[in-house]
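**Student:** need a structure here:
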Amino acid sequence: DQLLGGRLDDLMILKGGPGCGKSTFMRRVGAAMEHAGERVVYINCSGDPDSLDGAIFLARNVAIVDGTSPHVLEPTYAVASERYVDLTRFYDVDAAKARRVEIIALSDEYRAHYRSAYRILRAMGEVESERRTAMHAQMDCLKLRRRTNGILTRELRGVGSGSGRVDRVFLGGVTHQGEICRFDTVEALCPRIYALIDSAGLGSEMLEAIVQAQEKQFDVIACPNPDRPQELQHVLIPEKGLAFITTNARIPYEGKTYRRLRLDAMAEEKLTRAQKAKLRFTRRVEASLLDEAVSALSDAKKAHDALENAYHPCVDFEGVTALAEEEIKRLLK
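**Tutor:** Below is the predicted model of the structure:
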């Protein structure tokens, strides 16, 4: 929704079902913009990280997004700012109707796998909550606030050239390929990286303070925790070349860091031996449930691939390519 409301000069909202070439359309236009020397922001699909849900062309204030279920978008200012690009016109309706039984069965199958994955992830969240509660109870919050204030004083001096806009963007999530976090995006935007070693959301308050402290100065990319979107996991301040990232066993960051803050250690040092043993057991349960969720997502991906293959013979891909070329010419003008 952050792309709506007239924020962009042109937002193309793709409408079309499985296998009609939405991701290919976005990649083709994106490749043309890159060839023209422009930087492109690509939004990966969580269902298939090798596919796309969007592409943003910053210099032209233009974007293309997949606006079909489950991420439906509708224009705020139709055509003037946002417009539909209808790819359903490239379906052969009679051919699709002839495969109706197969398409319905595969659609129901992949949705069932997703429901199973979500149930497992909810169970994992309940187990994780027990561990997080125990660690938060032992956290020295005053010490962390003093550390936060020191960082703010040192790193966020002066006034930025932005409007203080805060964009909330997921940097990763649980996928059929396992847990993914696009730390390459962080490295592309921010050469100085503070790594918060944190497996229990201990640094969320710190990250919120960083976002609030620079309001109306620097534009910020605030990245919510995919498991708990109400709390932050990473903060990027590109104008300062500065990032604060969360790293742990689930999302390990192996790159070079400017500073490393061991927040887990600040909480665990006060735990008893019995509490530490319980937390180790809890982590093993969480890891097992995560593996089960990834397996269910993998099954969903296989069913969705089969669904796309069922649609492919019903799609005029030459027509999709021709439409992409039309939009490329419009953008380059």
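**Student:** quick one, strands of this structure?
**Tutor:** Assigned by DSSP state E, the chain shows strands spanning 10-15, 40-44, 52-57, 62-66, 82-86, 166-168, 172-175, 178-181, 192-197, 220-224, 232-237, 242-247, 259-262.
**Student:** Can you say which of the ones you listed is nearest to Glu126?
**Tutor:** Proximity of these to Glu126 was assessed by Cβ to Cβ; the nearest stretch is strand 172-175, lying at 15.5 Å. Bear in mind the C-beta positions are built from the backbone N, C-alpha and C, glycine included.
**Student:** Parallel or antiparallel, list what pairs with the closest one.
**Tutor:** strand 178-181 (antiparallel) (DSSP bridges).
**Student:** okay, the strands of the chain in JSON lines with distance to Ile103, mean pLDDT and mean neighbour count next?
**Tutor:** Putting these into JSON lines (distance: least, Cβ to Cβ, whole Å; pLDDT from 0 to 100; neighbours: other Cβ atoms under 10 Å) gives the following:
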{"stretch": "strand 10-15", "distance to Ile103": "18", "mean pLDDT": "94", "mean neighbour count": "21"}
{"stretch": "strand 40-44", "distance to Ile103": "26", "mean pLDDT": "93", "mean neighbour count": "17"}
{"stretch": "strand 52-57", "distance to Ile103": "22", "mean pLDDT": "94", "mean neighbour count": "22"}
{"stretch": "strand 62-66", "distance to Ile103": "19", "mean pLDDT": "95", "mean neighbour count": "24"}
{"stretch": "strand 82-86", "distance to Ile103": "19", "mean pLDDT": "95", "mean neighbour count": "17"}
{"stretch": "strand 166-168", "distance to Ile103": "35", "mean pLDDT": "89", "mean neighbour count": "14"}
{"stretch": "strand 172-175", "distance to Ile103": "24", "mean pLDDT": "94", "mean neighbour count": "19"}
{"stretch": "strand 178-181", "distance to Ile103": "29", "mean pLDDT": "94", "mean neighbour count": "17"}
{"stretch": "strand 192-197", "distance to Ile103": "46", "mean pLDDT": "95", "mean neighbour count": "20"}
{"stretch": "strand 220-224", "distance to Ile103": "34", "mean pLDDT": "94", "mean neighbour count": "22"}
{"stretch": "strand 232-237", "distance to Ile103": "37", "mean pLDDT": "95", "mean neighbour count": "26"}
{"stretch": "strand 242-247", "distance to Ile103": "41", "mean pLDDT": "96", "mean neighbour count": "25"}
{"stretch": "strand 259-262", "distance to Ile103": "51", "mean pLDDT": "92", "mean neighbour count": "14"}
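**Student:** want to try TSV for these, with distance to Leu323 as columns?
**Tutor:** Output for the strands of the chain, formatted as TSV (distance: least, Cβ to Cβ, whole Å):
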stretch	distance to Leu323
strand 10-15	10
strand 40-44	19
strand 52-57	15
strand 62-66	12
strand 82-86	7
strand 166-168	29
strand 172-175	29
strand 178-181	30
strand 192-197	41
strand 220-224	31
strand 232-237	34
strand 242-247	38
strand 259-262	48
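**Student:** how about these, which one is nearest Glu109?
**Tutor:** When those are ranked by proximity to Glu109 (Cβ to Cβ), strand 172-175 comes first, at 18.7 Å.
**Student:** what's that closest one in contact with?
**Tutor:** The list of residues contacting strand 172-175 from outside it, by Cβ atoms under 8 Å, 6 or more residues apart in numbering, reads 46-49, 121, 179-182, 226-227, 251, 290, 293-294, 297.
**Student:** related to what we said a few turns ago, do you know which of the strands of the chain lies nearest Thr24?
**Tutor:** Shortest separation from Thr24 across these is recorded for strand 52-57, at 8.9 Å, computed as Cβ to Cβ.
**Student:** Can you list the strands that that closest one pairs with?
**Tutor:** For strand 52-57, the paired strands and their directions (DSSP bridges) are strand 40-44 (antiparallel), strand 62-66 (antiparallel).
**Student:** quick one: contacts for the nearest residue to Glu102 once chain neighbours are set aside?
**Tutor:** Leaving aside its chain neighbours, Glu102 sits nearest to Ala310 (5.3 Å; criterion: Cβ to Cβ, 6 or more residues apart in numbering). The contact partners of Ala310, taken as Cβ under 8 Å, 6+ apart, are Gly19, Arg99, Glu102, Ile103, Leu106.
**Student:** any weak-confidence spans in the stretch 201-333 of the chain?
**Tutor:** When residues are selected by pLDDT under 70, those of the stretch 201-333 of the chain lie in 214-216.
**Student:** how about the helices of it, start to end?
**Tutor:** When assigned using DSSP state H, counting those that start in this stretch, the helices of the stretch 201-333 of the chain occupy the ranges 204-213, 263-268, 273-311, 317-332.
**Student:** ok, residues contacting the shortest one?
**Tutor:** The one in question is helix 263-268. Counting by Cβ under 8 Å, 6+ apart, the neighbours of helix 263-268 from elsewhere in the structure are 135-136, 138-140, 143-144, 196-200, 202-203, 248, 276, 279.
**Student:** Out of the residues you listed, which end up buried?
**Tutor:** Met135, Met139, Leu144, Leu196, Ile197, Asp198, Ser199, Ala200, Leu202, Gly203, Leu279 (16 or more other Cβ atoms under 10 Å).
**Student:** Appreciated, that's everything.
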